[in-house]
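Visitor: sequence and predicted structure, then a few things I'm wondering about:
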Amino acid sequence: MSISADSRPDATRGQRLPRSARRAQLLDAAQAAFVENGYHAAAMDDIAERAGVSKPVLYQHFPGKLELYLALLDSHTDILEGLVREALASTTDNKERVYAAIAAYFDFVSRDGAAFRLIFESDLTNESAVRNRLDTIGLICAEAVAEVIAEDTDMPEAEASLLGMALTGLAQVSARHWLAQGPAIPQAEAARLVGTLAWRGLGYFPKVSGEGTATQAG
């Protein structure tokens, strides 16, 4: 989902759109407002204005601001999960798989609209419905990585889970820091650099071969 920097409400004001298109338009406007102002400072009046609709139209689709926020979280957590799972499935080479998993987070924070701020920098974590979603996506991505680690190393589940959380935490914090620092390091190079750090740790865990014997991961 992309957000235009200028929301140009007059372009759609008064037009009748299919429900799905109107919903997408409202979510675009809400995302821009939440990213720019945070949840608490974003107003439904502002969201309606950005979308070029009246407040009654906005309320026809979403009964309140929280529902808008949760719908955006659902959409973008699905995107993040998809990027991570796609990265893990992209290769059977463990080193490249680590690099791909790290790169997925760099891809996510680089997406138009800065939706990553809703997930990694939310100002609504005291709301249980939001907290549950954020905790869930963090666990899903970490466990996806942990499954691969456990399969390849025969490591106990608890240990693999801890490493999965460590890797995804490293990836998302590093990606956000890279983005905040500006274009000093190209994205692919930055992701590869962090991936090298991660691999130099994970690569030392023994990999289980097809015959059940341990070899160095590679």
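Guide: Thanks, I have it. The structure displayed is predicted, hence computed values, not measured ones.

Visitor: okay, now the nearest residue in space to residue 76 that is not next to it in sequence: neighbour count?
Guide: Nearest residue to residue 76 in three dimensions, chain neighbours excluded: residue 115, at 4.4 Å (Cβ to Cβ, 6 or more residues apart in numbering). In this view, the C-beta of every residue, glycine as well, is placed from N, C-alpha and C. Neighbourhood size, residue 115 [other Cβ atoms under 10 Å]: 24.

Visitor: centre-most residue in the chain?
Guide: The chain has residue 80 as the residue nearest its centroid, 3.7 Å off, counting by Cα atoms, centre = their mean.

Visitor: please parse this structure into its domains.
Guide: 9-63, 70-216 (automatic domain parsing).

Visitor: let's have those domains in TSV, adding mean pLDDT.
Guide: Formatted as TSV, these follow (pLDDT from 0 to 100):
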stretch	mean pLDDT
domain 9-63	89
domain 70-216	92
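
Visitor: and the residue nearest to residue 140 when sequence neighbours are not counted, how many neighbours does it have?
Guide: Closest residue to residue 140 apart from its sequence neighbours, by Cβ to Cβ, 6+ apart: residue 81 at 5.5 Å. Around residue 81 there are 16 other residues, counting by other Cβ under 10 Å.

Visitor: doesn't residue 81 fall inside a helix?
Guide: Yes. Assessed by DSSP: H, G, I helix; E, B strand; the rest coil, residue 81 belongs to a helix.

Visitor: just checking, residue 97 touches residue 88?
Guide: Yes. Counting by Cβ atoms under 8 Å, residue 88 is a contact partner of residue 97 at 6.0 Å.

Visitor: show me where this structure has strands.
Guide: 206-208, 214-216 (DSSP state E).

Visitor: the residue nearest to the centre of the chain and residue 18: what is the separation?
Guide: From residue 80 across to residue 18, the span is 27 Å (Cβ to Cβ, to the nearest Å).

Visitor: what of residue 90?
Guide: Computed with Cβ to Cβ, the distance linking residue 90 and residue 18 is 35 Å.

Visitor: who has more neighbours out of the two?
Guide: Using other Cβ under 10 Å, the more surrounded residue of residue 90 and residue 18 is residue 90, with 15 against 8.

Visitor: excluding its backbone neighbours, what's nearest that one?
Guide: Residue 90 sits nearest to residue 100 (Cβ to Cβ, 6+ apart), 5.1 Å away.

Visitor: could you do residue 45 as well?
Guide: Spatial nearest neighbour of residue 45, chain neighbours left out: residue 55 (6.6 Å); criterion: Cβ to Cβ, 6+ apart.

Visitor: can you give me the helices in the protein?
Guide: In chain order, the chain shows helices spanning 19-37, 44-51, 55-61, 65-89, 94-109, 116-120, 128-153, 157-181, 187-202, with DSSP state H as the criterion.
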